[in-house]
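Chemist: Model the following, please.
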Amino acid sequence: MILIQRVCKLLLCIVLFCTWMMILTPKLQAEESPPSRFDRTRPVAADKKVEPIDPVKAAQELKAREAARARGEVTFDDLKFDIEKDGEFKEGMITDDIHEMEGKVIRLRGFILPSFLFQQKGFNRFVLVRDNQECCFGPGAALYDCVMVEMEPGKTADFTTRVVTVKGVFSTDTKSYRYPDGPPYAVFKIIASEVK
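Modeler: Numbering: from 1, shown residues only. Here you go, the predicted structure:
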């Protein structure tokens, strides 16, 4: 009998403790957590000012970008074209600036997509992505945020989590890299001579 009373008291204490934690925990989290930019229940700062675009600075940046592109230094921003998220790709979407890079040796910085690899060293093909969050490849990803890299015959690359620079001949390839049901998962390719 005494044992049953003690068990009942213990269960009652556990229930009260759990109830108290359920009530207190959301209040503590609300006080401690910084506001999320996705939380629509919190007030939005009305005093944020949008800086006006300085036309002189914008022109200088454009000129510097064009000079870098002329030297073969390309960024993923240079590969952008208009396509809606999950939108259907059409070959006419690729810009004239991108077509001008066709067949030229370029250098492109990015990250090696690890989930595409089956080995860590000595591989001869991989996906180069804009960032290392692995968000730039697969369904829903922007087509211009990944480039298929195939190493020249006899050349290989090793996996790293750091930024790499791929040097090689750039081309658009809208036919080779397609899902079984038809749409492409990549439209750019580099035949690489080096990966640093």
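Chemist: ranges for the helices of this protein?
Modeler: Assigned by DSSP state H, the chain shows helices spanning 2-32, 55-70, 96-100.
Chemist: buried stuff in the shortest one?
Modeler: In other words, helix 96-100. Using 16 or more other CB atoms under 10 Å as the test for burial, helix 96-100 gives I98. Every residue, glycine included, has its C-beta placed from N, CA and C.
Chemist: Strands of this structure, start to end?
Modeler: 73-74, 105-112, 125-129, 146-151, 164-172, 188-195 (DSSP state E).
Chemist: nearest to K85, of those?
Modeler: Among the strands of the chain, strand 146-151 comes nearest to K85, with 14.6 Å by CB to CB.
Chemist: Quick one: mean pLDDT for the closest one?
Modeler: Summarised as a single mean, pLDDT over strand 146-151 is 95.
Chemist: Quick check: R71 vs R65, distance?
Modeler: According to CB to CB, to the nearest Å, R71 stands 11 Å off from R65.
Chemist: Check V149 too.
Modeler: 23 Å.
Chemist: ok, now L79?
Modeler: For L79, the distance to R65 equals 13 Å [CB to CB].
Chemist: Could you do Q120 as well?
Modeler: Noted for Q120: a distance of 35 Å to R65, by CB to CB.
Chemist: Show me which of the two is the more surrounded one.
Modeler: More neighbours surround R65 than the other of Q120 and R65, with 15 against 10 (other CB atoms under 10 Å).
Chemist: Identify the residues contacting stretch 161-169?
Modeler: Outside stretch 161-169, the residues that touch it by CB atoms under 8 Å, 6 or more residues apart in numbering are 103-112, 114, 128, 132, 147, 149, 152, 157, 190-196.
Chemist: Show me which of those are buried.
Modeler: Using 16+ other CB under 10 Å, the buried ones in those are 106-108, 110-112, 128, 147, 149, 157, 190-192, 195.
Chemist: Max pairwise distance over these: which two?
Modeler: By the measure CB to CB, F111 and I191 form the most distant pair in the buried ones among the contacts of stretch 161-169, at 19.3 Å.
Chemist: which residues are common contacts for L79 and R65?
Modeler: Common contacts of L79 and R65 (CB under 8 Å, 6+ apart): none found.
Chemist: low pLDDT regions in the chain?
Modeler: For the chain, applying pLDDT under 70 flags the ranges 1, 3-48, 115-117, 132-141.
Chemist: give me the number of residues near the closest residue to R69 other than its chain neighbours?
Modeler: Using CB to CB, 6 or more residues apart in numbering and skipping residues adjacent in sequence, the residue nearest R69 is D78, 6.1 Å away. Neighbour count for D78, taken as other CB under 10 Å: 18.
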